[in-house]
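Novice: attaching a predicted model along with its sequence, questions to come.
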Amino acid sequence: MAGADSPSAALRRHDLCARGIRLAGKMRSDVLDLLDTYVEQQGLDASASVAAVEGVPPAAVERWDEQTGTQRLLENLAAYRAFRSLLAQMLEEQQEQLGEADATLGRALAAVLLQVSAFAYHLEELLRLESRGPPSEEEDRPPPQPQGLFEQKLRGLGVLRELAQWAVRSARDLRQLAKPSPGASSSPSPAESP
């Protein structure tokens, strides 16, 4: 990782992290707006309990402070790739259910899907900078289809809630990665935990 230790690489990493933090903040804001619209359009209770969404790693992690920068980036990338598939599936289901009757929800889903795709690309750039290319996408499987309409609605609610949580975690991870450290992606000390 000699290239990742140079001052220009450190500056580029800091710049990419700062832009990523802004992207994550914007994405979270848009997801929360979409979540409100989704709940209203789908006739759901905003406080409905939803099981964990299959295929998406939870944003909460037990030993966050023990992860290396590369581990954080890889987990984020895996999550956003899963979200990309899930949101594409939700968008397709939405178009089948409502057609053009509710273009507002479809446009909002498409906009968030675009942001998720851009953020995944951003994470791939950071991984390249860390002298580690992103893993291939062939490892990803398409998400399982929910059986009924109500299950689709609940899964959609769960996807959007978890995406909002991931946006918060991503900003924290990128802030941690942007901190100057002795090694490019060394493990942070316990004193640096969030």
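Specialist: Perfect, I can see it now.
Novice: quick check: the gap between Val56 and Asp65.
Specialist: Taking Cβ to Cβ, to the nearest Å as the measure, Val56 falls 22 Å from Asp65. Heads up, the C-betas are built off the backbone N, CA and C, glycines and all.
Novice: mind checking which of those two has more residues around it?
Specialist: Between Val56 and Asp65, counting by other Cβ atoms under 10 Å, Val56 is the more crowded of the two (22 against 15).
Novice: just the element for that one, please.
Specialist: Per DSSP states H and E: Val56 is located in neither a helix nor a strand.
Novice: pretty sure it is touching Val159, no?
Specialist: Yes - between Val56 and Val159 there is a contact under Cβ atoms under 8 Å: 7.1 Å.
Novice: between the two, which contacts overlap?
Specialist: Phe83, Leu86 (Cβ atoms under 8 Å, 6 or more residues apart in numbering).
Novice: next SSE after the longest helix belonging to the chain?
Specialist: Ordering each helix of the chain by length in residues (DSSP state H) puts helix 7-42 first. The helix or strand immediately downstream of helix 7-42 is helix 69-98, counting by DSSP H and E.
Novice: so how far is that following helix from its chain's centroid?
Specialist: 7 Å (Cα atoms, centre = their mean, to the nearest Å).
Novice: again, but for stretch 6-25
Specialist: 17 Å.
Novice: skip the chain neighbours and tell me the closest residue to the spatially most central residue of the chain.
Specialist: Central residue of the chain (Cα atoms, centre = their mean): Tyr80, 3.9 Å from the mean position. Using Cβ to Cβ, 6 or more residues apart in numbering and skipping residues adjacent in sequence, the residue nearest Tyr80 is Ala120, 4.2 Å away.
Novice: how close does the residue nearest to the centre of the chain sit to Arg107?
Specialist: From Tyr80 to Arg107 the distance is 21 Å (Cβ to Cβ).
Novice: lowest confidence element among the helices and strands of this structure?
Specialist: Lowest on mean pLDDT, DSSP states H and E among the helices and strands of the chain sits helix 69-98, with a mean of 89.
Novice: next secondary structure after that helix?
Specialist: By DSSP H and E, the next helix or strand past helix 69-98 is helix 103-129.
Novice: wait, Met27 sits on Phe119?
Specialist: Yes - in this structure Met27 lies within contact range of Phe119 using Cβ under 8 Å: 6.3 Å.
Novice: Ala52 touches Val159, doesn't it?
Specialist: No - at 10.7 Å, Ala52 does not count as touching Val159 under the criterion of Cβ under 8 Å.
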